[in-house]
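# Structure of the sequence below:
(2 chains)
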Amino acid sequence: GAGVSQSPSNKVTEKGKDVELRCDPISGHTALYWYRQRLGQGLEFLIYFQGNSAPDKSGLPSDRFSAERTGESVSTLTIQRTQQEDSAVYLCASSLYQGYNQPQHFGDGTRLSIL
Amino acid sequence: GQNIDQPTEMTATEGAIVQINCTYQTSGFNGLFWYQQHAGEAPTFLSYNVLDGLEEKGRFSSFLSRSKGYSYLLLKELQMKDSASYLCAVRGGATNKLIFGTGTLLAVQP
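Below you'll find the predicted structure:
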């Protein structure tokens, strides 16, 4: 497709389990971003990739969170030993490059629920 | 630190005009974005301002004053489908990332 694709769209898991969230950016977009959005809240920056490198990981909440990107394309966000506070919508966005005027194009997100 | 403030909720009438304000305090500034987000959907890009003044795009306009740390989004001829959250985001800081406000939930009434 032409847009940013995220999978799964919904994920329900038990506390303590690990989860992997996937993002397929728009083809040719070199910059990729992960955000978290809790219910009724704004978007919270997690991590940013330029190509396969992550110049800014400052938003990752704890060492349970990690992300990688391969082939300057697909990215996965992994949350280990999930906690109930991790419940949120995880949004991925991509932009053509990390330029000042480049808008970010968002996927529909993965709604994560921790029981 | 970095801070972006928007009203939490607004209500307006179909056919009217509404102005959604955003004030920001950031270390460094490289542009301000407005996004629209319908419930349960992804945010979609509306506008970008980096210089002072008004940018117009159809029914939507966005204004920026860098000296005041202030922007607004103006929506004209409101339609029911304009009911959504409107997110103000500023690019700045040491790593030039986008910092989002919590959004303004706009309800358009008949």
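# Next up, the contacts around residue B:53.
Applying CB atoms under 8 Å, 6 or more residues apart in numbering or on different chains to residue B:53 gives the contacts B:63, B:64. In short, each C-beta sits where N, CA and C put it, glycine included.
# ok, now how distant is it from residue A:99?
21 Å (CB to CB, to the nearest Å).
# same deal with residue A:47?
The value you get for residue A:47 to residue A:99, if CB to CB is used, is 19 Å.
# just how off-centre is the least confident helix or strand in chain B by mean pLDDT within its chain?
When the helices and strands of chain B are scored by mean pLDDT, DSSP states H and E, strand B:97-100 comes last with a mean of 86. Averaging C-alpha coordinates over strand B:97-100 and over its chain gives two centres that are 13 Å apart (CA atoms, centre = their mean, to the nearest Å).
# hmm, it touching chain A?
Yes. Using CB under 8 Å from any CB of the partner chain, a contact is recorded between strand B:97-100 and chain A, made by B:97, B:98, B:99, B:100.
# And the residue sitting furthest away from the middle of chain A, what's its pLDDT?
Ranked by distance from the centre of chain A (CA atoms, centre = their mean), the top residue is residue A:101, with 21.2 Å. In the prediction, the pLDDT value recorded for residue A:101 is 78.
# Whichever helix or strand comes after the least confident helix or strand of chain B pairs with which strands?
Per DSSP states H and E, strand B:97-100 leads on to strand B:104-109 as the next helix or strand towards the C-terminus. Strand B:104-109 has the following strand partners under DSSP bridges: strand B:9-13 (parallel), strand B:84-92 (antiparallel).
# Just say which of those strands is most tucked in.
Most buried of those by mean neighbour count (mean count of other CB atoms under 10 Å in any protein chain shown) is strand B:84-92; its value is a mean of 24.
# What are the contacting residues of it?
Residues outside strand B:84-92 that contact it (CB under 8 Å, 6+ apart) are A:42-43, A:100, B:2, B:4, B:6, B:20, B:22, B:24, B:26-39, B:43, B:46, B:71, B:73, B:97-101, B:103-106.
# Output stretch B:13-29 as CSV, restricted to C-alpha atoms.
Listed next in CSV are the C-alpha coordinates belonging to stretch B:13-29 (Å, rounded to 0.1, in the frame of the first residue of the first chain):
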residue,chain,number,x,y,z
THR,B,13,-21.4,25.4,15.3
GLU,B,14,-21.6,24.0,11.8
GLY,B,15,-20.9,26.7,9.2
ALA,B,16,-19.1,28.9,11.7
ILE,B,17,-15.4,29.8,12.2
VAL,B,18,-13.2,28.4,15.0
GLN,B,19,-9.7,29.3,16.2
ILE,B,20,-7.6,26.8,18.1
ASN,B,21,-4.7,28.3,19.9
CYS,B,22,-1.3,26.8,20.7
THR,B,23,1.5,28.3,22.8
TYR,B,24,4.9,26.8,23.1
GLN,B,25,8.2,27.1,24.9
THR,B,26,11.0,25.1,23.3
SER,B,27,14.8,25.2,23.3
GLY,B,28,15.2,25.9,19.6
PHE,B,29,12.5,26.2,17.0
